[in-house]
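Sharing a model that was predicted from the sequence below.
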Amino acid sequence: MDSNTSLQNLHSVLKLSKTLIPQKFIWPKEQNHNTTPNQEEHLNEPIIDLQAFIDGNHDSARHTAELVRSACLSHGLFQVINHGVDSKLINSMHYHVKDFFNLPIDEKMRVHRLPGSFWGYSLAHADRFSLNLPWKETISCFFDENGKGPDSDFEATGFFKLAFGEDFEEIASIFQKYCEAMKRLSLTIMEILGMSLGADQSYFKEFFKDGGSIMRCNLYPPCQEPGLALGTGPHCDPTALTILHQDQVGGLQVLDDGKWKFVKPRHDAFVVSLGDTFVALSNGVYKSCPHRALVNKSMERVSLVFFLCPREDKVIVPPENLVTSERPRKYPDFTWSELLQFTQKHYRVDIATLQNFTKWLIAHQTT
Ligand SMILES: C=C1C[C@]23C[C@H]1CC[C@H]2[C@]1(C)CCC[C@@](C)(C(=O)O)[C@H]1[C@@H]3C(=O)O
Ligand SMILES: O=C(O)CCC(=O)C(=O)O
Ligand SMILES: [Fe+2]
C-alpha cells in the first residue's frame, strides 16, 4: 500500500467512524479515560474577569493577580472573560476551521506537514508516531508579528493560499486577526503573571513581545470507542502560555489532585494554562498544567489553541526576585529552540517533558 492510500484509509477511519478502531488508536488502560457521565468531575478553576485590569483599575488588578496566583500554584489553569476579543472573530475562526477540515483529504494533503517540519496539516500524527495515535486532525501555522517566520508557506497567508487556491484571502485574514488578538491577550496576561509573582509588571510582557507563536487547530471526529481512544494524550504544553477556545462539546480535562477533571466549555471565555517554559521562567514557583482531550461517540469537537513562545534564541532566565539562596535556580539555562527541537526530534511530549528535557540537556551540555 503506498503512503497516500494508507492516509486515505486512515482518513476514512476517522471520518466515518463506523468500524471498530484500529489498534494503533488504543491507549493503555492505565490512562483510565473510560468514565461514565455520573463519574464526571469538573475542575473548580477561577473564571477571571479581565475588564477592570484592562481599564487600569489598580485595586481590582491586585485581586485579579491573586486569583491567577492561586490557580498557577495549584494546577496552572484559569478561564478569562471580558477579554476584549470580538465574539464574531471567534465564531468566524470556528466556521472557517471546520470548512478547512471538511475539504477532501487530497486537498488537505496539499498542505500536509512535511517530515521534519512542524507546520501544516496532520492526520492523527500517523507520520510521526506508530502507537497511541491521537484521534484528531490538526493544522499548525506559525505566527510572528514581525514577519520573520521559519518558512513563509506556513504563516497563515502562505498556508491557506496553498490549501484554498484563489479563495484563500478571507480565511487567511481571519487567522491573522485572530492570532494578533491572541498575542495581545497573552501579553496582557503576562503583565498579570508578573504582578502575581511580585516581579516587575513588564518583565514577562517584554520577554515575550518579540517571540513567534504557534496557532494550532484541532478537530476531534466522533469515535465509536471513546473509552479506548484519546483526542490528545496526557501532557503539559512545552510552550509558555496557552490560550484555548473550545466549542460547546467539551472534552478538555485537567489532572488535579490525582483526578482527571473536565473544564466546562464557556463560549464567552478563553481557557488559559501555563506551559513548561513559563515554569522554568518562574524558577519552578508555578506549575505547568497537566491536561488531555477526550473524544465522544456522537459529536465532532473543535479547539483553537494559541501557544505563546519566546523568541527562539532567548535564554530562559527567571527574574531576580524569584532566585534566592533558599530558592536557587531550578532549571539550567536553555532556549525555546532547544526545547522545541527536543520535542520534535527526541521526545514525544507528555507530562514529564520538562524533567526529561532538563536531564537530557545536562547530559548533552558541552562545557
Ligand atoms: C511545541 C509543541 C508540541 C505539540 C504542539 C506544540 C504544543 C503542544 C504539543 C502537543 C500538542 C502536546 C500533546 C502531544 C502532541 C504530539 C500532539 O498531540 O499534538 C504535541 C505537539 C507536537 O509535538 O506536535
Ligand atoms: O483540544 C483540547 O482541548 C486540548 C488540546 C491541547 O492540549 C493541545 O493542542 O495542546
Ligand atoms: Fe495542550
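Structure received. Numbering: from 1, shown residues only. Ligands and ions are numbered 1, 2, ... in the order given.

what about residue 7, distance to residue 244?
Using CB to CB, to the nearest Å, residue 7 is found at 27 Å from residue 244. All C-beta atoms are positioned from the backbone trio N, CA, C, and that covers glycine.

So which of those two has more stuff around it?
Between residue 7 and residue 244, counting by other CB atoms under 10 Å, residue 244 is the more crowded of the two (23 against 20).

Next up, the contacts around the more buried one.
252, 270, 271, 272, 273, 303, 304, 305, 306 (CB atoms under 8 Å, 6 or more residues apart in numbering).

hmm, 7 Å instead?
270, 271, 303, 304, 305 (CB atoms under 7 Å, 6 or more residues apart in numbering).

In which helix or strand does the last one reside?
Looking back up the chat, that one is residue 305. Using DSSP states H and E, residue 305 falls within strand 301-308.

Start and end of stretch 72-89, how far apart?
Length of stretch 72-89, first residue to last, CA to CA, to the nearest Å: 28 Å.

Can you point out the buried residues in that stretch?
Buried positions in stretch 72-89, judged by neighbour count with 16 or more other CB atoms under 10 Å: 72, 75, 76, 77, 78, 79, 80, 83, 85.

Looking at residue 246 now. What's its pLDDT?
Listed pLDDT for residue 246 reads 98.

So what sits opposite it in the bridge?
residue 303 (DSSP bridges).

all helices for this protein, in order.
Along the chain, the segments classed as helices by DSSP state H run 3-16, 51-54, 58-74, 87-101, 105-108, 156-164, 169-196, 203-209, 276-281, 336-341, 353-364.

now the third one and helix 169-196, what's the angle there?
Using axes from the mean of the first three to the mean of the last three CA atoms, to 10 degrees, the interaxial angle of helix 58-74 with respect to helix 169-196 works out to 90 degrees.

For the residue in the stretch 101-250 of the chain that ligand 1 sits nearest to, list the residues it contacts.
For the stretch 101-250 of the chain, the residue closest to ligand 1 is residue 235, as judged by CB to the nearest ligand atom, at 4.1 Å. By CB under 7 Å, 6+ apart, the contact list for residue 235 reads 292, 349, 350, 351.

Double-check the second one against residue 342; I have them as touching.
Read that as residue 349. No - the pair residue 349 and residue 342 fails to qualify as a contact (CB atoms under 7 Å) at a distance of 9.2 Å.

Show me what the helix or strand of the chain with the lowest mean pLDDT is packed against.
None of the helices or strands of the chain scores lower by mean pLDDT, DSSP states H and E than helix 3-16, at a mean of 75. Counting by 3 or more CB pairs under 7 Å, 6 or more residues apart in numbering; DSSP states H and E, the packing neighbours recorded for helix 3-16 are helix 105-108, strand 120-123.

where does the last one sit relative to the chain's centre, distance-wise?
Here the centre of strand 120-123 is set off from its chain's centre by 15 Å, with CA atoms, centre = their mean, to the nearest Å.

quick one: it near ligand 2?
No - counting by CB under 6 Å from any ligand atom, ligand 2 has no neighbours in strand 120-123; the shortest distance is 11.4 Å.

now check that strand, is it near ligand 1?
No - judged by CB under 6 Å from any ligand atom, strand 120-123 stays clear of ligand 1, getting no closer than 7.5 Å.

Give me the contact list for that strand.
With CB under 7 Å, 6+ apart, strand 120-123 has contacts from 7, 10-11, 108, 111-114, 137-140, 154.

Cheers, nothing more for now.
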